[in-house]
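Got a predicted model here, sequence first, then my questions.
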Amino acid sequence: MLSRTADNLFWLSRYVERAESLARILETTQRLASLPAAYGGLTNEWESALATAGASETFFAKHDEATQDTVVAHIAFDRDNPSSILNCVETARHNARSVRTALTIEMWEAINGAWLELRRMADRKLEGEELTRFLGWVKEIGLRFDGSAHRTMLRNDIYDFSRVGMLLERADNTARILDVKYHLLLPEQGEVGGGLDYYQWSAILRAVSAVTSYHWVYRQSLKPWLVADLLILNDQMPRSLAACYAELVRHLDHLARSYGRQGEAQRIARSGRVNLENGDIRSVFQSGLHEFITKFIGDNNRLGAAIHAQYLA
């Protein structure tokens, strides 16, 4: 396969996953911002949404204050935000056109139809139920595209590059959602384990569709260290860091066999997988959850750079 084709497949899946994650961030923030005044009032959840999405710099270059209207517009439709939902879907569609013959009909229709519909929405102000419906629709784009890929693609190098891009992005997004909750949302005066803390952790689980999974696995009320355990170390949870890296290792090993050589990408992925397999959530909290996640995000970026150098350059 040409490296350009592999690069298009890799980034197509990354941008589709990123658009879905942005919708989940906005949906979670909408829930947190609607909490009764008794549980909030000391933090700006919309600033936390910008930090999670990595959009603070582009936002504050244009706006003075983070409100629901300005943050939703910036993350959903702003052309000046390279990671807005609109730009993510448009870039994904551009990559899809470049590798049209490598995709199945269902995959192309999922991304092309989403792009056409999103263009019609670009100037619309979203609030209330309309915002909720829009975010649900964006999440469905990712589900349709991912489901189409899973059900219709041949299990070859095309599929592997597509999955590697998606998994790398998913791991990054899960880590960032966890980090913003722990490091930014709960104010200094907030009580860990208190009412505000409980509702924020519940919202984080909803952001990654993990509320039911949490209760199935732990069968007790929400506890921060158990939520972190589920989203970091439990490889039964599809969006956990451990699950993402288990799948990354598998697909990178497929590519190594397809192209007849191992490389730095496989080494970094295996090292990350071993660290997560041998991890203990008590040790993570003792050494600092924020520090653990910061290191993970850095290592995840190194893996992305290694994949690019090894296959996509």
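Cool, the structure landed.

Check which helix or strand residue 29 maps to.
For residue 29, the host element (DSSP states H and E) is helix 3-33.

For the lowest-mean-pLDDT helix or strand in the chain, list the C-alpha coordinates in CSV.
One helix or strand of the chain scores below all others by mean pLDDT, DSSP states H and E: helix 195-207, with a mean of 76. Taking Å, rounded to 0.1, in the frame of the first residue of the first chain, the C-alpha atoms of helix 195-207 are listed here in CSV:
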residue,chain,number,x,y,z
GLY,A,195,-22.2,15.6,46.1
LEU,A,196,-20.5,17.6,43.4
ASP,A,197,-17.7,15.1,43.0
TYR,A,198,-20.2,12.2,42.7
TYR,A,199,-22.2,13.9,39.9
GLN,A,200,-19.1,14.9,38.0
TRP,A,201,-17.7,11.3,38.0
SER,A,202,-21.2,10.1,37.0
ALA,A,203,-21.1,12.5,34.0
ILE,A,204,-17.6,11.3,33.1
LEU,A,205,-18.9,7.7,32.9
ARG,A,206,-21.8,8.9,30.7
ALA,A,207,-19.3,10.6,28.4
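
which strands and helices sit next to that helix?
Where contact means 3 or more Cβ pairs under 8 Å, 6 or more residues apart in numbering; DSSP states H and E, helix 195-207 is packed against helix 3-33, helix 157-180, helix 211-218, helix 224-232. C-betas here are computed from N, CA, C, even on glycine.

which parts of it are buried?
196-205, 207 (16 or more other Cβ atoms under 10 Å).

ok, back up a step: pipe the helices and strands packed on helix 195-207 into a markdown table and attach distance to residue 117, mean pLDDT and mean neighbour count per row.
A markdown table is the format used below for the helices and strands packed on helix 195-207 (distance: least, Cβ to Cβ, whole Å; pLDDT from 0 to 100; neighbours: other Cβ atoms under 10 Å):
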| stretch | distance to residue 117 | mean pLDDT | mean neighbour count |
| --- | --- | --- | --- |
| helix 3-33 | 13 | 93 | 24 |
| helix 157-180 | 22 | 94 | 24 |
| helix 211-218 | 29 | 94 | 15 |
| helix 224-232 | 31 | 92 | 21 |
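
out of the ones you listed, which comes closest to residue 307?
helix 157-180 (6.5 Å; Cβ to Cβ).

Give me the distance between residue 51 and residue 216.
Shown here: residue 51 relative to residue 216, a distance of 30 Å by Cβ to Cβ, to the nearest Å.

Okay then, goodbye and thanks.
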